[in-house]
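[1] Got a predicted model here, sequence first, then my questions.
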Amino acid sequence: EVQLVESGGGLVQAGGSLRLSCAASGFTFDDYTIGWFRQAPGKEREGVSCISNSDSTYYADSAKGRFTISRDNAKNTVYLQMNALKPEDTAVYYCAAVAGWGPWIVTTSSYNYWGQGTQVTVSS
């Protein structure tokens, strides 16, 4: 059974940091791109950052310079270090998995597997 389990969300003040984790099981983790997406109330789900199986990375403009994505294949886990958080970062954050890498990795419909999400709330 494929599982993606996010953790590390919470309530933090603006300017603070959080590290999200995405633990994967049930598929060949090393072969997959892992993406982080977020969805704020009333808004569409949007791509935040992705990492390929060869450590190529993508960051949305909103994440550049503040967020860092990394993966530990030995632990089947991807991390999203989020610094200098802003109230507009408030959302449910999801991780997702897809085989391959290309311009489509920023599109939610490209992904095969999804986690349940973790809430991030940034207070002003």
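    Thanks, I have the structure now.
[2] The residue lying closest to Ser54 once chain neighbours are set aside: what secondary structure?
    Residue nearest to Ser54 in three dimensions, not counting chain neighbours: Trp101, with 7.7 Å by C-beta to C-beta, 6 or more residues apart in numbering. Using the backbone N, CA and C atoms, a C-beta is placed for each residue, glycine as well. With DSSP: H, G, I helix; E, B strand; the rest coil as the basis, Trp101 sits in coil.
[3] From what I see, Asn53 and Thr28 are in contact.
    No - contact criterion C-beta atoms under 8 Å: Asn53 and Thr28 do not qualify, at 9.3 Å.
[4] of those two, who's got more company?
    Ranked by neighbour count (other C-beta atoms under 10 Å), Asn53 and Thr28 place Asn53 first, with 17 against 10.
[5] In contact with the residue nearest in space to the middle of the chain, which residues are there?
    By C-alpha atoms, centre = their mean, the mean C-alpha position of the chain lies nearest to Trp36, the distance being 2.0 Å. Trp36 makes contact with Leu20, Cys22, Gly47, Val48, Ser49, Cys50, Ile69, Val78, Leu80, Tyr93, Tyr94, Cys95, according to C-beta atoms under 8 Å, 6 or more residues apart in numbering.
[6] What is the nearest of those to Pro87?
    For the contacts of Trp36, the minimum distance to Pro87 (C-beta to C-beta) is 14.9 Å, reached by Tyr93.
[7] Relative to Val12, how far out is the residue lying closest to the closest one once chain neighbours are set aside?
    Take Tyr93 and drop its neighbours on the chain: the residue closest to it by C-beta to C-beta, 6+ apart is Arg38, 4.8 Å away. Taken as C-beta to C-beta, to the nearest Å, the spacing of Arg38 relative to Val12 amounts to 15 Å.
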